[in-house]
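Peer 1: okay, here's the prediction I keep looking at, along with the sequence it came from:
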Amino acid sequence: MMFLPMIDYFWWKLINCFGLVMKLAEDSRVVMVLVSCIMAVTFILNINSGRTILRDVADTMANRRLKAKLDRQPSPINIAENRVTRRQLKLPLKWTHYEDLPMATVLENNGSTVILRIYTALKFVPHLSGAELSGKYHFVEAIFKWGTFQSEHSIGKHRFCLEIQALHRCPREKGASEYLTLSYLLAVSRVKNESLMGICDNLKWILHPGSSIELPPFELGTLLRPFTGGHYTYHGTYDNGEVILPTIWLINPEISHVSSHQLAQFSALYRRDGSRISSNSRQEQPLGSRNVYFNI
């Protein structure tokens, strides 16, 4: 209670000072301009502060929603045939510009996986449409997951040795449908995979994390073989070691092959801690209440 008179005193002094400043402002145009500027700056600072606070709150809420979504749809999964729902596609998948040569193709070791990116004119970026897709999904990057019988996805509990995952994005879509990822499964074989030779033969130049190399351009469709139907679909997550995203998975059940020598070239790469990346596949996750569709 002893502080109340002191507070009243200072408040009275503040009001008097403000009144004096406003009187001076009435008598002097310069003071009026100065006061106006100070008040405007104060107002702007308050607005910016409010915007910063609101942005921080919105980002926190968005991150919480994203984490909750990722927790509800973990990947990878085993595709059990007795839990698959058959679905008739309205349209076939349409592949555009996958047969075009990009201006540049870059391969990178990020310490977790090998990332392949292409550079081309915006109007020539490869993209998917048709089927049940609500827009055009443009190619972003392709990554590789490997290990001895340690592919990420499995079909009927049968695991593979290499999985190619190609992330696509539809800029106009929000939420879980913003991203789409193609999956290609490869089993070990005595025969080399011709479409992988240009990648595998250059892995020796990116043994260490953070290194990259430009490859001779090639048609993306030779690596990502187009299919129009007959694939599995479910909602899960994409993980390239740097970012985790909610995605629609399109898994091609047509199994390709990779030689043991080619597989060993992936396993020779190094992580950031100096160890070899002998395997970089995530652990199998439960399907839960999600649906897996077989699209025909």
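Peer 2: Yep, that arrived.
Peer 1: separation between the residue most central in space within the chain and residue 77?
Peer 2: Nearest to the mean C-alpha position of the chain, by C-alpha atoms, centre = their mean, lies residue 245 at 4.6 Å. Residue 245 is 16 Å from residue 77, where distance means C-beta to C-beta, to the nearest Å. Every C-beta, even on glycine, is put in place using the N, C-alpha and C of the backbone.
Peer 1: also residue 195?
Peer 2: Distance, residue 195 to residue 77, using C-beta to C-beta: 26 Å.
Peer 1: so residue 237 sits in a strand?
Peer 2: Yes: counting by DSSP: H, G, I helix; E, B strand; the rest coil, residue 237 is part of a strand.
Peer 1: excluding its backbone neighbours, what's nearest it?
Peer 2: Nearest non-adjacent residue to residue 237, counting by C-beta to C-beta, 6 or more residues apart in numbering: residue 75, 4.5 Å away.
Peer 1: tell me which element the residue nearest to the centre of the chain is part of?
Peer 2: strand 244-259 (DSSP states H and E).
Peer 1: partner strands of that strand and their direction?
Peer 2: strand 179-189 (parallel), strand 231-239 (antiparallel) (DSSP bridges).
Peer 1: in that strand, which residues are buried?
Peer 2: 245, 246, 247, 248, 249, 250, 251, 252, 256, 257, 258, 259 (16 or more other C-beta atoms under 10 Å).
Peer 1: quick one: contacts for the third one?
Peer 2: Right, the one you point to is residue 247. For residue 247, the contact set (C-beta atoms under 8 Å, 6 or more residues apart in numbering) comprises 75, 167, 176, 179, 180, 181, 235, 236, 237, 238.
Peer 1: what's the local residue count around residue 234?
Peer 2: 20 (other C-beta atoms under 10 Å).
Peer 1: related to what we said a few turns ago, neighbour-wise, which of the contacts of residue 247 leads?
Peer 2: Counting neighbours by other C-beta under 10 Å, residue 236 leads the contacts of residue 247 with 27 neighbours.
Peer 1: could you check the pLDDT of that residue?
Peer 2: Per-residue pLDDT puts residue 236 at 96.
Peer 1: show me which of the buried residues of strand 244-259 is closest to residue 199.
Peer 2: Among the buried residues of strand 244-259, residue 258 lies closest to residue 199 (C-beta to C-beta), at 10.6 Å.
Peer 1: if you skip the residues just before and after it, what's nearest to that closest one?
Peer 2: Residue 258 sits nearest to residue 186 (C-beta to C-beta, 6+ apart), 4.4 Å away.
Peer 1: how about the contacts of residue 247 in a markdown table, adding distance to residue 124?
Peer 2: Below are the contacts of residue 247 laid out as a markdown table (distance: C-beta to C-beta, whole Å):
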| residue | distance to residue 124 |
| --- | --- |
| 75 | 30 |
| 167 | 18 |
| 176 | 28 |
| 179 | 21 |
| 180 | 19 |
| 181 | 21 |
| 235 | 30 |
| 236 | 29 |
| 237 | 29 |
| 238 | 24 |
